[in-house]
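1. Sequence first, predicted coordinates after that:
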Amino acid sequence: MVDQRFPKSCRLLDSLSFERVFKSPDFRVSNKYFLILGCWTQHDSARLGVIVAKKNISQATQRNRIKRQLREAFRTRNEASGIADFNADIVVMARKGLQPLKNGDCRAHFHELLAEIVKKKPSI
């Protein structure tokens, strides 16, 4: 059986990690629903931090649903598209208007932004 968990090694866990991304992001991509800031790192894999403000999404159940969908989309990102092999710390911020979106649409908009990040990856 394959391990389907979202391990701590794939999460931004402390305020210093978030602060580093906010102070000097290497890339920034956005659409109507999300803003993603990120920094290229030397970690083995990409790490994700999610911010869903109460100001933008008022109901806690909706905020939690959005965070769950983003973590799931990140965890199961498509290996063939090159998303799996970039090393970055990523902070995703949800914008207003995301609440009525269905789960599949939420994940699809997030995957579009991840594909844009892959295009911005510096060649080594």
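-> Nice, thanks for sending it over. The model shown is predicted, which means the values in this text are computed figures rather than measured ones.
2. okay, CA-based contacts and neighbour counts for the rest of this
-> Noted.
3. Next one: Pro100 from Gln62, what distance?
-> Here the criterion is C-alpha to C-alpha, to the nearest Å. By it, Pro100 lies 9 Å from Gln62.
4. Looking at these two, which is more packed in?
-> Neighbour count, other C-alpha atoms under 10 Å: between Pro100 and Gln62, Gln62 has more, with 16 against 8.
5. how much space between the more buried one and Gly97?
-> Distance, Gln62 to Gly97, by C-alpha to C-alpha: 12 Å.
6. same question, Gln59
-> For Gln59, the distance to Gly97 equals 13 Å [C-alpha to C-alpha].
7. And for Phe34?
-> 10 Å.
8. Show me which of the two is the more surrounded one.
-> Applying other C-alpha under 10 Å to Phe34 and Gly97 shows that Phe34 carries more neighbours, namely 20 against 12.
9. who are the neighbours in contact with the residue nearest to that one when sequence neighbours are not counted?
-> Spatial nearest neighbour of Phe34, chain neighbours left out: Ala94 (4.8 Å); criterion: C-alpha to C-alpha, 6 or more residues apart in numbering. For Ala94, the contact set (C-alpha atoms under 8 Å, 6 or more residues apart in numbering) comprises Tyr33, Phe34, Leu35, Ile51, Val52, Ala53, Asn56.
10. Show me which of the residues you listed are buried.
-> Buried subset of the contacts of Ala94 (neighbour count, 16 or more other C-alpha atoms under 10 Å): Tyr33, Phe34, Leu35, Val52.
11. ok, so of these, who is nearest Leu12?
-> Val52 (14.5 Å; C-alpha to C-alpha).
12. List phi and psi for the closest one.
-> For Val52, the backbone dihedrals are phi -120, psi 100 (criterion: degrees, to the nearest 10).
13. can I get the CA coordinates of the longest helix along the chain in PDB?
-> Secondary structure of the chain per DSSP state H: the longest helix is helix 103-120. Output of helix 103-120 as PDB, limited to C-alpha atoms (Å, rounded to 0.1, in the frame of the first residue of the first chain):
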ATOM      1  CA  ASN A 103     -13.500  21.300  -5.300                       C
ATOM      2  CA  GLY A 104     -12.400  20.200  -8.700                       C
ATOM      3  CA  ASP A 105     -12.300  23.700 -10.000                       C
ATOM      4  CA  CYS A 106     -10.300  24.900  -7.000                       C
ATOM      5  CA  ARG A 107      -7.700  22.200  -7.700                       C
ATOM      6  CA  ALA A 108      -7.600  22.900 -11.400                       C
ATOM      7  CA  HIS A 109      -6.900  26.600 -10.900                       C
ATOM      8  CA  PHE A 110      -4.100  25.700  -8.400                       C
ATOM      9  CA  HIS A 111      -2.600  23.200 -10.900                       C
ATOM     10  CA  GLU A 112      -2.500  26.000 -13.600                       C
ATOM     11  CA  LEU A 113      -0.400  28.100 -11.300                       C
ATOM     12  CA  LEU A 114       1.900  25.300 -10.400                       C
ATOM     13  CA  ALA A 115       2.500  24.700 -14.100                       C
ATOM     14  CA  GLU A 116       3.400  28.400 -14.500                       C
ATOM     15  CA  ILE A 117       5.900  28.000 -11.600                       C
ATOM     16  CA  VAL A 118       7.600  25.100 -13.500                       C
ATOM     17  CA  LYS A 119       8.100  27.400 -16.500                       C
ATOM     18  CA  LYS A 120       9.800  29.900 -14.300                       C
END
